[in-house]
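Chemist: One predicted model, sequence on top.
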Amino acid sequence: MASGLFITLEGGEGVGKSTQARLLVDALRSHGYDVHATREPGGSPAAEALRNLMLFGEAPLSTRAEILAHFAARFDHVDQVIKPALAAGQIVLCDRFTDSTLAYQGYGRSMGDESILSLIRMLDGNLGLQPDRTFLLETPREIARQRLVARKAPTDRYEQADEAFHARVIAGFQTIAGQNAGRIRRVDTSSLSVEDVNSLIVRDILAIRAHV
Ligand SMILES: Nc1ncnc2c1ncn2[C@@H]1O[C@H](COP(=O)(O)OP(=O)(O)O)[C@@H](O)[C@H]1O
Ligand SMILES: Cc1cn([C@H]2C[C@H](O)[C@@H](COP(=O)(O)OP(=O)(O)O)O2)c(=O)[nH]c1=O
């Protein structure tokens, strides 16, 4: 049996991650692959309960508590869902993972404070797995904001944050991509159609699959 493959999608809100996740599941299944699509925060029953607290809870957590809550959800998701799926040879497609904690809590909330970034890296180092490939979807914030208004989903805590926060998140993702150039592929979703973004990502995953 082929070994599993762990793929993550990253980026700010409204860049097209969920749209691509849906299309990718269909495309990879049509190539005969067994795919498990999941998301963070969430992806396991306990992590989904924590998601609700983090996105919609009345009382905001302090930044360090928020990081631990994201990692409590992530450890449960990794241990109970992602690792077993990879062990069964599945392609796991995850909408957000640790890069989001670095970008939102590390850069967005904490302005790149080195002690906060190293807390996140230490927790990440204990997960016992890394994505085989990450696609960082990027689009100018103004376009993403217009897409979100059109999408009309309920607004969560992070979407309500001010524009300076979102600018730090976007710049944070760029820094993270620069530091992990082997793993992270940047994809501009403002200049490419949904279909073109999808075929670019599918081609890349099939090329990795051919080697793993
Ligand atoms: N490449 C694209 N070009 C134009 N619109 C897009 C593109 N990708 C996504 N959209 C639209 O933008 C909105 C937000 O996309 P979504 O996948 O929900 O983003 P995310 O999951 O990153 O928040 C949706 O209405 C979607 O149809
Ligand atoms: C995984 C993760 C998400 N988040 C935030 C980013 C998103 O605003 C929110 C998840 O919301 P979600 O609805 O999944 O994202 P999107 O709006 O892009 O479709 O949680 C963090 O702040 N830290 C994390 O570690």
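Modeler: Great, that's in hand. Ligands and ions are numbered 1, 2, ... in the order given.
Chemist: in this protein, what residue is nearest ligand 1?
Modeler: residue 16 (2.9 Å; Cβ to the nearest ligand atom). In short, each C-beta sits where N, CA and C put it, glycine included.
Chemist: what's the spacing between that residue and ligand 2?
Modeler: Plainly put, residue 16 is 9 Å away from ligand 2 if you go by Cβ to the nearest ligand atom, to the nearest Å.
Chemist: That residue - nearest residue in space that isn't next to it in sequence?
Modeler: residue 189 (4.5 Å; Cβ to Cβ, 6 or more residues apart in numbering).
Chemist: which residues does residue 192 contact?
Modeler: Residue 192 is in contact with residue 200, counting by Cβ atoms under 8 Å, 6 or more residues apart in numbering.
Chemist: quick one: the residue nearest to residue 16 and residue 137 touch, right?
Modeler: Yes - using Cβ atoms under 8 Å, residue 189 is in contact with residue 137, at 4.9 Å.
Chemist: shared neighbours of these two, anything?
Modeler: 11, 15, 16, 197.
Chemist: With adjacent residues omitted, what lies nearest to the last one?
Modeler: Spelled out, it's residue 197. Per Cβ to Cβ, 6+ apart, closest to residue 197 is residue 189, 5.4 Å.
Chemist: Phi and psi next, for that neighbour.
Modeler: Torsion angles at residue 189 (phi, psi; degrees, to the nearest 10) stand at phi -90, psi 10.
Chemist: same deal with residue 16?
Modeler: The phi/psi pair for residue 16 (degrees, to the nearest 10) is phi 110, psi 20.
Chemist: So what's the residue count around it?
Modeler: Neighbours of residue 16 under the rule other Cβ atoms under 10 Å: 22.
Chemist: okay but it is in contact with residue 137, surely?
Modeler: Yes - using Cβ under 8 Å, residue 16 is in contact with residue 137, at 5.3 Å.
Chemist: who touches both of those two?
Modeler: Both residue 16 and residue 137 are in contact with 189, 197, where contact means Cβ under 8 Å, 6+ apart.
Chemist: Please enumerate the helices of this protein.
Modeler: 17-30, 45-56, 63-77, 83-87, 98-101, 114-125, 141-151, 163-179, 194-211 (DSSP state H).
Chemist: deepest of those helices, which one?
Modeler: helix 98-101 (a mean of 25; mean count of other Cβ atoms under 10 Å).
Chemist: which residues are contacting that helix?
Modeler: For helix 98-101, the surrounding residues in contact (Cβ under 8 Å, 6+ apart) are 8, 10, 40, 67, 70-71, 74, 120, 124, 127, 134, 136, 173, 176, 184.
Chemist: Show me what the lowest-mean-pLDDT helix or strand in the chain is packed against.
Modeler: Within the chain, no helix or strand scores below helix 141-151, which has a mean of 90 by mean pLDDT, DSSP states H and E. Packing partners of helix 141-151 (3 or more Cβ pairs under 8 Å, 6 or more residues apart in numbering; DSSP states H and E): helix 163-179.
Chemist: what's in contact with the helix it packs on?
Modeler: 10-13, 99, 102-104, 106-109, 111-112, 136, 138, 141, 184, 186.
Chemist: Give me the buried subset of those residues.
Modeler: The neighbour-count criterion (16 or more other Cβ atoms under 10 Å) marks 10-13, 99, 102-104, 106-109, 136, 138, 141, 184, 186 among those as buried.
Chemist: Give me the subset of the contacts of helix 98-101 that also touch ligand 2.
Modeler: 40, 70 (Cβ under 6 Å from any ligand atom).
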